[in-house]
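**Q** Structure of the sequence below:
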Amino acid sequence: MLKKVFASAVFGVEASTITVEVNVDGGIGYHLVGLPDNAIKESNFRIAAALQNNGYKIPGKKITINMAPADLRKEGSAYDLTLAIGILSASNQIKAENLEQYLIMGELSLDGSIHPIKGALPIAVKAREEGFKGFILPSSNAKEAAIVDNLEVYGVDNIKQVINFFDKGELLEQTIINTREEFNKRLEFPEFDFSDVKGQESIKRCMEIAAAGGHNIILIGPPGAGKTMLAKRLPSILPPMTLHEALETTKIHSVVGRVKDTGLMAQRPFRSPHHTISNVALVGGGSYPQPGEISLSHNGVLFLDELPEFKREVLEVMRQPLEDREVTISRAKFTVTYPSSFMLVASMNPSPGGYFNDPNAPVTSSPAEMQRYLSKVSGPLLDRIDIHIEVTPVPFEKLSDERKSETSVEIRKRVTEARAIQTMRFSESETVHYNAQMNSKQIRKYCGLDGASKELLKTAMDRLNLSARAYDRILKVSRTIADLDGSESINGTHISEAIQYRSLDREGWLG
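**A** Numbers count the residues shown, from 1 in each chain. The predicted structure is shown next:
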C-alpha cells in the first residue's frame, strides 16, 4: 500500500516541501531512496526501536521509501517522525485519513520521544504558502513555528501523541501566539547601558552617529581604554527592530537551531566571534551551506575585537558582503543567498605592545612596528569602515566621578528620531533604509554641499590623500550628523566633524 507524508528541507533561509512516499509490498527489504544523507539512512534503527517501545513495529515486508524531489539532497535526522508515521500508515497499523493535510517533522529518540529540529520557522512559512492545514513538530520548536499565522501548529513530545492524533482522533494542544503582542512585550532594553561608561564623551558621540546612520566603526586604543565596553553597549542605542526585521532575523537563527523556546527575536543580535575564526565560519558555507557570523548578525552588530589578530584572508572575504549586504554561496548544484545587513564594530590596539607611540607607556613600540602592525588590516577593508576613532584611557578623575552619565534610553531616543528622518527620505527605495546604505546616485541627491563645505572637503581630500570611497563615507557620515542636528542641509560644521572620524587616513595620527 502506498502512502504519502509531507516534510520539508531548508536551503539558505527558504524551505522546500519534501514528499515522502512509503510503499509496503510483498517481499523483504528496506529501501530508502531520494538522495538521503547518512543521518537519514540510519533512521530505520531509531524508528524500529521507537515503534517497538510504543507497541508498534516495522512490518517484515518490502518497504520502499522515496523522498521526492529525488534529485534534491536531504540531510539531518528531522525526517524520523515523518518516515515512522508513513510506515505505520502504509502498513495499516494506524488509520490516517487526513495525513496529507499536515506537515510532520521531528527527530526520534529510541523511546519515542521527539527531539528539536532546525529551521522550524522557514518550514512553517512554506507550509502556510502551500496550503497545509497544520504542522506537527517537537514541542520545543512550537513557539518558533507558531509565529506564522493561519497555520495550526502542534507541538508534541512523543510519537504516541502523533499516532493517537491520526489513529484515534485524540486532540493535540495547538500552540497559539499573538505575534505582535509577543514582539512588543519583548522590546525591553539589553542589560548593558551607556550610563555605565565613565568619561569617553567624544566616543559616545561617535557611537551615537554610527547607530543613527548604521555606519561601520573602528575603535583604536590601548588596553583598558573601554573599547569592548563601548561596543557591547551599541545595541542598546540602536532603534527597536520592526516586526519585519524581527521575522527576518529569527528566520536566519532558526536555520541554525538557535531559536527554539524563545519564539520571535525582539533584540538586535550582537555577535562577537573569536579571532581564530575561519572564513567559512564568518561568511557561511560548508558542504551543506549554513549561515555564518555575518548573517547571524543581520539587523544587528558584528563585533571584531583585536582586528589585526584575525587572519587576513578571513577579513578580506568580508569586503563584498559589507558592500552588497548579502552573501551568496555557490555549489555545483545550487546557490544560496543569506542576508548580511549588519553594523561592523571593530576594535584594535595601535601597536603590538598595545600602546600608542608614548615614552610613558609600559611597552613602547617604534613607529615602524606600529605601521607594520596596522598594515595587517588592508586599506580596502578600512575604506569600507565609515568612522575611525581613537579611544584614549579614562583619567582617574572621570573614573571616580559618582555622577551618572547619559543613559542608553536618552541616546536611543535621538537615534530613533534621526532614523525616522532617514526612513522618510528613503521611503521610495526598497533596498535603502538608512544613510550608510546610500549608493552614489543617492549621495549626490541628498548630500549636496555649499561652496565653503566643498572647499573644506577638497582640502581634506588633498591633504589626507583620501580615496573616492572615503569621500563617499565622509558625505554619508556628515548627512547623519546633519540628521541628528535636525538640519535639512549639510554645512561646514557637519563636514569638519565627519572628517575628524577618519583617524587612520590622517598622517601622524600615531602621535
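**Q** Could you pull up the residues touching the closest residue to residue 149 other than its chain neighbours?
**A** With CB to CB, 6 or more residues apart in numbering as the criterion, residue 149 has its nearest non-adjacent residue at 6.8 Å, and that residue is residue 179. Glycine gets a C-beta too; all of them are placed from N, C-alpha and C. By CB atoms under 8 Å, 6 or more residues apart in numbering, residue 179 lies in contact with 147, 149, 243, 264.
**Q** What is the nearest of these to residue 450?
**A** Of all the contacts of residue 179, residue 243 has the smallest distance to residue 450: 40.2 Å, by CB to CB.
**Q** Pop out the phi and psi values for that closest one.
**A** Backbone dihedrals for residue 243, given as degrees, to the nearest 10, come out at phi -60, psi -40.
**Q** Report how many residues lie close to it.
**A** 13 (other CB atoms under 10 Å).
**Q** Residue 19: what's its closest spatial neighbour, skipping adjacent residues?
**A** Going by CB to CB, 6+ apart, residue 19 has residue 68 as its nearest residue, at 4.5 Å.
**Q** Show me what the top strand by length along the chain is packed up against.
**A** Counting residues, the longest strand found in the chain (DSSP state E) is strand 14-25. Contact here means 3 or more CB pairs under 8 Å, 6 or more residues apart in numbering; DSSP states H and E; on that basis strand 14-25 packs against strand 2-11, strand 62-68, helix 80-90, helix 120-129.
**Q** ok, and what's touching whatever helix or strand comes next after the longest one?
**A** Stepping forward along the backbone from helix 80-90, the first helix or strand reached (DSSP states H and E) is strand 102-104. If you take CB under 8 Å, 6+ apart as the criterion, strand 102-104 is touched by 5-8, 17, 81-82, 85, 123, 127, 132-137, 162.
**Q** chain center to strand 102-104: distance?
**A** Relative to its chain's centre, strand 102-104 lies at 28 Å (CA atoms, centre = their mean, to the nearest Å).
**Q** average model confidence for the next helix or strand after it?
**A** Next in sequence after strand 102-104, counting helices and strands by DSSP H and E, comes strand 107-108. The average pLDDT for strand 107-108 rounds to 97.
**Q** quick one: contacts of strand 107-108?
**A** 43, 46-47, 50, 76-78, 80-81, 84, 114-117, 138, 159.
**Q** let's go with 10 Å and repeat that
**A** 39, 43, 46-47, 49-51, 76-81, 83-84, 113-118, 138, 158-159 (CB atoms under 10 Å, 6 or more residues apart in numbering).
**Q** Just the buried ones out of these, please.
**A** With burial judged by 16 or more other CB atoms under 10 Å, the buried subset of these is 39, 43, 46-47, 49-51, 76-81, 83-84, 113-114, 116-118, 138, 158-159.
**Q** quick one: which of those sit in strands?
**A** Using DSSP E, the buried ones among the contacts of strand 107-108 in strands are 114, 138.
**Q** circling back to that earlier point, what pairs with the longest strand of the chain, parallel or antiparallel?
**A** strand 2-11 (antiparallel), strand 62-68 (antiparallel) (DSSP bridges).
**Q** wait, which of the ones you listed is closest to residue 268?
**A** Comparing the strands paired with strand 14-25 by their distance to residue 268 (CB to CB), the top pick is strand 2-11, with 23.3 Å.
**Q** What is the distance between that closest one and the centre of its chain?
**A** For strand 2-11, the distance to the chain centre is 27 Å (CA atoms, centre = their mean).
**Q** which residues does the residue nearest the centre of the chain contact?
**A** In the chain, the residue lying closest to the centroid (CA atoms, centre = their mean) is residue 296, at 2.3 Å. By CB under 10 Å, 6+ apart, the residues touching residue 296 are 249, 252-253, 255-256, 258, 269, 271, 273, 284, 290, 302, 338, 340, 342.
**Q** repeat for residue 202
**A** 389-392, 500-501.
**Q** Buried ones among these?
**A** Counted by 16+ other CB under 10 Å, these give 389-391, 500-501 as buried.
**Q** now, which of those lie within helices?
**A** Among the buried ones among the contacts of residue 202, DSSP state H puts residue 500 in helices.
**Q** Pipe the buried ones among the contacts of residue 202 into TSV and attach distance to residue 98 and pLDDT per row.
**A** Formatted as TSV, the buried ones among the contacts of residue 202 follow (distance: CB to CB, whole Å; pLDDT from 0 to 100):
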residue	distance to residue 98	pLDDT
389	62	90
390	67	88
391	63	88
500	67	87
501	62	88
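**Q** Tell me which two of the buried ones among the contacts of residue 202 sit farthest apart.
**A** Greatest spatial distance among the buried ones among the contacts of residue 202 (CB to CB): 391 and 500, at 13.9 Å.
**Q** shared neighbours of these two, anything?
**A** With CB under 10 Å, 6+ apart, residue 391 and residue 500 have common neighbours 202, 206.
**Q** The residue nearest to residue 19 and residue 213: what is the separation?
**A** 48 Å (CB to CB, to the nearest Å).
**Q** Those two: who's more crowded?
**A** When residue 68 and residue 213 are compared for neighbours, residue 213 comes out ahead with 27 against 14, by other CB under 10 Å.
**Q** Settle this for me: the more buried one is touching residue 475, isn't it.
**A** No - in this structure, residue 213 is not within contact of residue 475 by CB atoms under 10 Å, at 11.2 Å.
**Q** number of nearby residues for residue 311?
**A** 15.
**Q** give me the element the nearest residue to residue 429 once chain neighbours are set aside is part of.
**A** Excluding its sequence neighbours, the residue lying closest to residue 429 (CB to CB, 6+ apart) is residue 442, at 7.7 Å. In the assignment (DSSP H and E), residue 442 maps to helix 440-446.
**Q** Can you tell me which helices and strands that helix packs against?
**A** Counting contacts by 3 or more CB pairs under 10 Å, 6 or more residues apart in numbering; DSSP states H and E, helix 440-446 is packed against helix 408-425, helix 468-484.
**Q** quick one: buried residues of it?
**A** If you call a residue buried by 16+ other CB under 10 Å, then helix 440-446 has these buried ones: 442-443, 446.
**Q** how about the CA coordinates for that helix, as PDB?
**A** Presented in PDB, the C-alpha positions along helix 440-446 are these (Å, rounded to 0.1, in the frame of the first residue of the first chain):
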ATOM      1  CA  SER A 440      26.400  57.100  -5.400                       C
ATOM      2  CA  LYS A 441      23.300  58.400  -7.000                       C
ATOM      3  CA  GLN A 442      21.600  59.000  -3.600                       C
ATOM      4  CA  ILE A 443      24.700  60.600  -2.200                       C
ATOM      5  CA  ARG A 444      24.700  63.100  -5.000                       C
ATOM      6  CA  LYS A 445      21.000  63.700  -4.400                       C
ATOM      7  CA  TYR A 446      20.900  64.000  -0.600                       C
END
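**Q** Contacts for that helix next, please.
**A** 422, 425-426, 429, 432, 435, 438-439, 468, 471-473, 475-476, 479, 482, 489-490.
**Q** And the buried ones among those, selectable in PyMOL?
**A** Buried subset of these, written as a PyMOL selection, criterion 16+ other CB under 10 Å:
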select buried, resi 422+425+426+432+435+438+472+473+475+476+479+482+490
